[in-house]
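Visitor: how would this look folded up:
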Amino acid sequence: MEAATAMLVNPSAIERVHTGIPGLDHVLEGGFPKGARVLVAGGAGCGKTIYCGQYLYKGATRYGEPGVYVTTEEPPQEFRSNMLRFGWDFKRLEAEKKIGIIDAVYQRVESELAEQESLQAILYNLRSKLAEVKSLVEQIGATRLVVDSLPGFGFRVTDLNTLREIFLEIGLLLKDVGCTTLMTTEIVEGSGLISRYGIEEFLATGVMVLSLVKQGSPLRKVFVRKMRGTSHSLNDFAFSIGRDGVAIKGPIGVRSVSGGRRRPHSSNGRGKR
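Guide: Numbering: from 1, shown residues only. Below is the predicted model of the structure:
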């Protein structure tokens, strides 16, 4: 039903935000819907952080759209260093007030020292950090936001109701700031879920699943599972990670657009547009 509804929407009536990833705008009818909250899900090493870094860097340097990066997984200095391998100088952009970075890694460390931390204390600390995010978004006029990753905010929290409260607070912030947001989550192999906790996708208006197939030659794939207001393809798309970052190579598989006709499989992993 959702796919059928999406096809009735005139794509030209929806303002789009360029992804900064070659080939992905074409898949998404011009880019992410403005204000979308897109979950980027995948296992370890699939390229989630690179997708997000490229989205922010190209937004700031090519499209004049400042962005904020919230990290719960790795310290900011590691993120900056990893992005430099693609020539993306985030430190310079921070100095120019085109990019802001929020370090939320400390919350993981604190939670290790306070396993019995009450829900009230968790939410108090979370709200303080989210207020910092909102303030930085306003200071630099950010229209792009990345949260990498959502599960980091629930680190060592085992109670499902507490996790729901945490993600509810995050969801309220994302709606309030109004940025076009990418959020990452880990897929646990064999879980049958598309997110770490099975909750994160309910914050999202779009879901992209990244995977790394290791049979024969390794193949990286992205599948757009959901994108509100977009008649997107139901194909898997091969992508590469090279010197310039991520690039979509072409469709692998069976369908051209939502509800479209079948296509023959391409033996080299690339199909016609």
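
Visitor: and Arg80, which helix or strand is it part of?
Guide: helix 76-84 (DSSP states H and E).

Visitor: cool, and Lys58?
Guide: Per DSSP H and E: Lys58 is located in helix 48-62.

Visitor: report the buried residues of the helix holding Arg80.
Guide: Along helix 76-84, these residues count as buried under the neighbour rule (16 or more other Cβ atoms under 10 Å): Pro76, Phe79, Arg80, Met83. C-beta here means a position set from N, CA and C on the backbone, and glycine is covered the same way.

Visitor: could you redo the residues you listed as CSV and give each row distance to Ile166?
Guide: Listed next are the buried residues of helix 76-84 as CSV, based on distance: Cβ to Cβ, whole Å:
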residue, distance to Ile166
Pro76, 22
Phe79, 22
Arg80, 27
Met83, 27
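
Visitor: ok so, going back, what's in contact with the helix holding Arg80?
Guide: Residues outside helix 76-84 that contact it (Cβ atoms under 8 Å, 6 or more residues apart in numbering): Thr49, Gly53, Tyr57, Tyr69, Thr71, Glu74, Asp89, Phe90, Lys91, Ile101, Asp103.

Visitor: what are the bridge partners for the last one, then?
Guide: When you say that, I think you mean Asp103. Applying DSSP bridges to Asp103 gives these bridge partners: Thr71.

Visitor: would you confirm that it contacts Glu74?
Guide: No: contact criterion Cβ atoms under 8 Å: Asp103 and Glu74 do not qualify, at 9.7 Å.

Visitor: and after the helix or strand bottoming out on mean pLDDT in the chain, which helix or strand comes next?
Guide: Ranked by mean pLDDT, DSSP states H and E, the weakest helix or strand in the chain is helix 2-8, scoring a mean of 44. Per DSSP H and E, the first helix or strand lying C-terminal to helix 2-8 is strand 16-17.

Visitor: much appreciated, bye for now.
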